[in-house]
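Visitor: Fold the following and give me the result.
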Amino acid sequence: MTKIKIGETIAAIDVGSNYLRMSIAEISTDKNIRILENVIKPTNIGKDTFASRKISVKTMHETCNYLKNFTQLIKDYNVKFYKAISTSGIREAENKQYILEQLRLRTGLNVECINTAEERFFMLKTISHSSNLSSLNRALIVNITSGAVEVSIFEEGQLKFTEQAKIGSLRLRETLGELESKTIDFPAIMEQFIESKLYSIKSTIKNLDIQYFLGLGGELRTIFNIIRTKNNLNKQEDFMEKENFIEREDFIELYKNIQNMTNDQITFAYGVSYKTAELILPSILIFYCFLKITKTKNIQVPMVSLREVILYDLAEELLDIDKGKESINHIISSIWHIGEKYRIDKKHAAFVENIALSIFDQTKKLHKLGGKERLYLQVASILHDVGIFVDASNHCVQSHNIIQSQNIIGFSDRDLQLTASVARYHSKEIPKESHKNYYILCDKDKMTVSILSAILRLAEALDISHLQKIKELKLLEDKDLLYFNLSAEEDIILEEWNFINNSDFFEDVLGVKPLI
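Guide: Numbers count the residues shown, from 1 in each chain. Below is the predicted model:
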């Protein structure tokens, strides 16, 4: 059932490191969104965090004052639903919790601090709203935020690689700021520092024949407009286009022109604010670092903002629109990349994944869990044995630790906790209150972990030999019994024995006894 009607308004707020931004939109008749107003205000959140690890009281008060104006606009537009997010500027502050609470108390806004994986997920959704991801082969995506650079590789429309380096445009300025007055060639120092931080990522990319280069963030829209103005193009031309390009030669020319300019000179020459001028140089240096290891003719610039993507995401949720399989496919593609890194048995992992999902789908009436929980199970099934790479004798716990430490695209910290716990209990152990990872969960999440791990244990049991003997699985419920009808072309006595040994926990959790 939808929670909002056509014609009603929603809002997205981005409490960023450099700027506070808000977009207010109307749900249109075609269930799309129409932007009504955009608001932007400067902030020193990122400067404080990247320089001293804390957000000052002064910055907090300034932020609250601006956000109070945002909340007044929300009331004026009669907005009933909004989503407010913060990224690295608040996420990395030592006083993060105090700041978020002050924002709530003083403005009434509940600001969600998203992790890097969720931020990356929004980045991919930004691209999907402007490009046909399924058509991208050997595509390099570079997303520069205030605090980090996120690099992703797409092959045949699927996400194959994603890494992050903490050298965002503002962080670079704050980290190297004290050197600026000590050298006459600060851009060269900055470029050397960037190269040192991106060395491992670049070595991976060098071996690929990159065909597309997509850029996000990092003042790239400003760079795009500077080049367009220089080429005497009408600033309004193609403004509504979803995608634009910066030609390679134009970008390199701007790089050469701007690298020896001061912030004041950049401000005067290109008509940008001083705050923007500070960020243009590090942004150009980072993009150039990647451009020179590719042979692409241009950088594609998706003309969709993070706020617009948040609005689309919120609208889909409120209108109860199926978000499709594309996002899940990208998540699972990245999961297989993680598995390969830890040298999992891919055939075994794929078998356990298929069996676990089959059990989940055929027992929906028993557990009543949804798509999100199914995704937890799918990820845990693929990665349940990654711990063997570290310690085969204690691999269940190691699998938990490895999964917990990953930046799985689109996964919140809670999502990671649940998925890692499900993977931990795939074999020897069952959930216990004495286990810290289980003890810290709320009752609802404990039940979710128990149900999913009970399913995973049976799926794992049916391939104890790692030979994938089972060809088909059908379940039949009869009162308090759940029959597993298996089709196999080989002797499965070992699998039957292991299945029986793991069936008690399934019965305890779901209330039916599994039988072969």
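
Visitor: so where do the strands sit in the chain?
Guide: Secondary structure of the chain (DSSP state E): strands located at 9-15, 19-27, 33-42, 81-86, 111-113, 139-144, 149-155, 158-165, 212-217, 243-247, 298-302, 470-478, 481-488, 513-515.

Visitor: Name the residues that touch the helix-or-strand element of the chain with minimal mean pLDDT?
Guide: Within the chain, no helix or strand scores below helix 116-128, which has a mean of 76 by mean pLDDT, DSSP states H and E. Here helix 116-128 makes contact (C-beta atoms under 8 Å, 6 or more residues apart in numbering) with 87-88, 114, 133, 141, 143, 145, 148, 150, 152, 159, 162, 164, 214, 216, 302, 304-306, 308-310, 312-313, 326-327, 330-331, 406-412, 416. In this view, the C-beta of every residue, glycine as well, is placed from N, C-alpha and C.

Visitor: Please repeat the previous calculation with a cut-off of 7 Å.
Guide: Helix 116-128 is contacted by residues 87, 133, 141, 143, 150, 162, 164, 214, 216, 302, 304, 306, 309-310, 313, 326, 330, 407-412 when judged by C-beta atoms under 7 Å, 6 or more residues apart in numbering.

Visitor: What of stretch 416-424?
Guide: Outside stretch 416-424, the residues that reach it (C-beta under 7 Å, 6+ apart) are 376-377, 379-380, 383-384, 396-397, 399-400, 403-404, 406, 408, 437-438, 441, 445, 448-449, 452-453, 456.

Visitor: quick check: mean pLDDT across that stretch?
Guide: Averaged over stretch 416-424, pLDDT sits at 95.

Visitor: again, but for stretch 94-113
Guide: 95.

Visitor: Could you measure from L441 over to S169?
Guide: Distance, L441 to S169, by C-beta to C-beta, to the nearest Å: 38 Å.

Visitor: Those two - which one has more neighbours?
Guide: S169 (27 against 19; other C-beta atoms under 10 Å).

Visitor: ok, back up a step: pull out the buried residues from the contacts of helix 116-128.
Guide: Burial by neighbour count, 16 or more other C-beta atoms under 10 Å: within these this picks out 87, 133, 141, 143, 150, 162, 164, 214, 216, 302, 304, 306, 309-310, 313, 330, 407-411.

Visitor: Any stretches of the protein with poor pLDDT?
Guide: 1-2, 126, 128-136, 218, 232-243, 320-326 (pLDDT under 70).

Visitor: Could you list the residues in contact with stretch 102-113?
Guide: Against stretch 102-113 from outside (C-beta under 7 Å, 6+ apart): 13, 15, 60, 64, 67-68, 71, 84-86, 90-91, 96, 100.

Visitor: F360: neighbour count?
Guide: 21.

Visitor: wait, what's in contact with it?
Guide: R374, L377, I455.

Visitor: okay if I get the residues you listed as a markdown table plus neighbour count and distance to T267?
Guide: Shown next, in a markdown table, are these (neighbours: other C-beta atoms under 10 Å; distance: C-beta to C-beta, whole Å):
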| residue | neighbour count | distance to T267 |
| --- | --- | --- |
| R374 | 17 | 52 |
| L377 | 26 | 53 |
| I455 | 28 | 60 |
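
Visitor: Save those residues as a markdown table, and put in distance to I205 too.
Guide: As requested, these are exported to a markdown table (distance: C-beta to C-beta, whole Å):
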| residue | distance to I205 |
| --- | --- |
| R374 | 33 |
| L377 | 33 |
| I455 | 39 |
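
Visitor: And the residues you listed, which is closest to E37?
Guide: For E37, the closest of the contacts of F360 turns out to be R374, at 38.3 Å, with distances computed as C-beta to C-beta.

Visitor: now that closest one: how far from N65?
Guide: 44 Å.

Visitor: do L109 as well
Guide: 13 Å.

Visitor: of those two, who's got more company?
Guide: More neighbours surround L109 than the other of L109 and N65, with 19 against 12 (other C-beta under 10 Å).

Visitor: Grab the nearest non-local neighbour of that one.
Guide: Once flanking residues are discounted, L109 sits nearest to A84: 5.2 Å by C-beta to C-beta, 6 or more residues apart in numbering.

Visitor: Start and end of stretch 21-33, how far apart?
Guide: 17 Å (C-alpha to C-alpha, to the nearest Å).

Visitor: whoops, stretch 288-305 was the one
Guide: Stretch 288-305 end-to-end distance (C-alpha to C-alpha) = 22 Å.

Visitor: So for that stretch, what gets flagged as buried?
Guide: 288-291, 294, 296, 298-305.

Visitor: one step back: tell me what the residue nearest to L109 is bridged to.
Guide: With DSSP bridges as the criterion, A84 is bridged to I13, V111.

Visitor: Wait, it touches I13, no?
Guide: Yes. Contact status for A84 versus I13: in contact at 3.9 Å, counting by C-beta atoms under 7 Å.

Visitor: Comparing those two, which shows the higher neighbour count?
Guide: I13 (26 against 22).

Visitor: Leaving out sequence neighbours, find the closest residue to H367.
Guide: Closest to H367 by C-beta to C-beta, 6+ apart is I451, at 4.9 Å.

Visitor: neighbours around the one you found, how many?
Guide: 22.

Visitor: repeat for K428
Guide: Neighbours of K428 using other C-beta under 10 Å come to 12.

Visitor: tell me the contacts of it?
Guide: C396.

Visitor: can you give me the helices for the stretch 351-500 of the chain?
Guide: Listed in chain order, the helices found in the stretch 351-500 of the chain under DSSP state H, counting those that start in this stretch are 364-367, 371-383, 395-404, 413-424, 436-439, 443-461, 493-501.

Visitor: which residues are contacting the longest one?
Guide: It refers to helix 443-461. 352, 355-356, 359-360, 367, 369, 373, 376-377, 380-381, 384, 418, 421-422, 425-427, 431, 438, 441, 495, 498-499, 502, 505-506, 509-510, 514.
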